[in-house]
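1. model the following, please.
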Amino acid sequence: MNPVRSCVLLGCVFAAGFAPAHAQVLVGEFPLHGSLNNNLAGGAALTLVPFNGSPGQVTPAGYVFGANQGLSFTSPSFTPASYSLEFSFNFTSVSGWTKIADFSDLVSDIGFYQLNGDLNFYNVVDSGVADFSNGGTVDVVLTRDVATGTLTGYVNGHQRFLFVDSSSLAVTSAPGNKLVFFVDDAATGQREASGGTLNYLRIYDGALSSAQVSALFAAGAPLAVPEASTALLLCLGVAGLALARRRR
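-> All right, here's what the predicted structure looks like:
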């Protein structure tokens with residue numbers, strides 16, 4: 001991780017009172033302001049996944065995609081059995097099944113979906129809460145804890161499902177630990193997809209806690225990486241605030 005970025009992130013986490021129980025490392029942060037680049041220096045960029053020769057469009061407002069146009073992420077820093085994924089996005093249509101994330105390089109129907117407005121992990125659990133609407137923006141987080149096998153889904157900072165993934169359904173089996181977003185698999189003929197807009201994306205190595213997910217949702221969209229001098233001042237400010245509180 002870029003040490004400047006790390007300082008800012010850790011400062012914000014501790015200032016908010018959400019110190020991690022074990023290490024969660026940000027490996028991908030994508031503001032998507034006209035680019036697929038990673039905010040982290042040296043971090044892997046996203047890759048366009050075209051459909052019928054068309055890859056969607058990266059705009060200043062985010063990545064605009066049609067049905068089965070999507071993105072992929074491959075990084076040696078990503079642990080396939082222990083991670084957190086945060087998406088801010090909307091779907092044009094939420095009627096039926098719509099795939100959010102695929103872990104098998106589009107071979108298996110198993111994966112992370114919305115179903116008629118509900119967050120869903122097929123073929124295990126449905127949230128039973130209609131958080132999604134046509135064109136409505138949501139913040140969605142999926143975490144997997146390697147120590148317990150627990151898979152947890154959140155919408156707008158609220159937990160929507162939790163189960164023990166004893167069959168490793170959400171462990172990435174694709175070469176290079178590849179993740180694919182918004183593209184349906186070949187097992188269903190790529191019928192379960194929708195267009196939409198991805199506003200931003202964060203990828204962590206390690207499972208965030210529910211408190212950290214709530215804090216992440218409250219923090220909102222990532223900004224451009226600050227200049228070194230600005231980041232240093234922010235770190236010093238956080239440290240000074242913590243010292244002042246201790247003295248009280």
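2. so what's Gly176 up against?
-> Thr74, Pro76 (CB atoms under 8 Å, 6 or more residues apart in numbering). Every C-beta, even on glycine, is put in place using the N, C-alpha and C of the backbone.
3. doesn't it lie inside a strand?
-> No: read with DSSP: H, G, I helix; E, B strand; the rest coil, Gly176 is helix and lies in no strand.
4. show me where pLDDT drops low in this protein?
-> 1-22, 224-248 (pLDDT under 70).
5. quick check: buried residues in stretch 75-91?
-> 75, 77-91 (16 or more other CB atoms under 10 Å).
6. quick one: the helices in this structure?
-> Using DSSP state H, the helices of the chain run over residues 3-15, 210-219, 228-247.
7. out of the buried residues of stretch 75-91, the closest to Gly157 would be?
-> Lowest distance from Gly157 to the buried residues of stretch 75-91 (CB to CB) belongs to Glu86, with 10.5 Å.
8. enumerate the beta-bridge partners assigned to the closest one.
-> Counting by DSSP bridges, Glu86 is bridged to Val141, Arg202.
9. now the end-to-end length of stretch 43-61.
-> 22 Å (CA to CA, to the nearest Å).
10. which residues are contacting that stretch?
-> Outside stretch 43-61, the residues that reach it (CB under 8 Å, 6+ apart) are 2, 27-30, 32-38, 63-75, 77, 180, 183, 190, 197, 199, 201.
11. cool, stretch 156-164 as well?
-> So stretch 156-164 is contacted by 119, 121, 124-127, 129, 131, 138-139, 148-154, 210, 213-214, 216-218 (CB under 8 Å, 6+ apart).
12. try it again at 7 Å.
-> With CB atoms under 7 Å, 6 or more residues apart in numbering as the test, stretch 156-164 has contacts from 119, 121, 124-125, 127, 129, 131, 138-139, 148-154, 210, 213-214, 217-218.
13. same thing with stretch 97-114?
-> 85, 87, 91, 94, 115, 120-123, 132, 140, 142, 169-175, 178-188, 192-194.
14. make a PyMOL selection of the buried ones in these.
-> Buried subset of the contacts of stretch 97-114, written as a PyMOL selection, criterion 16+ other CB under 10 Å:
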select buried, resi 85+87+91+94+115+120+121+122+132+140+142+169+170+171+172+174+178+179+180+181+182+183+184+185+192+193+194
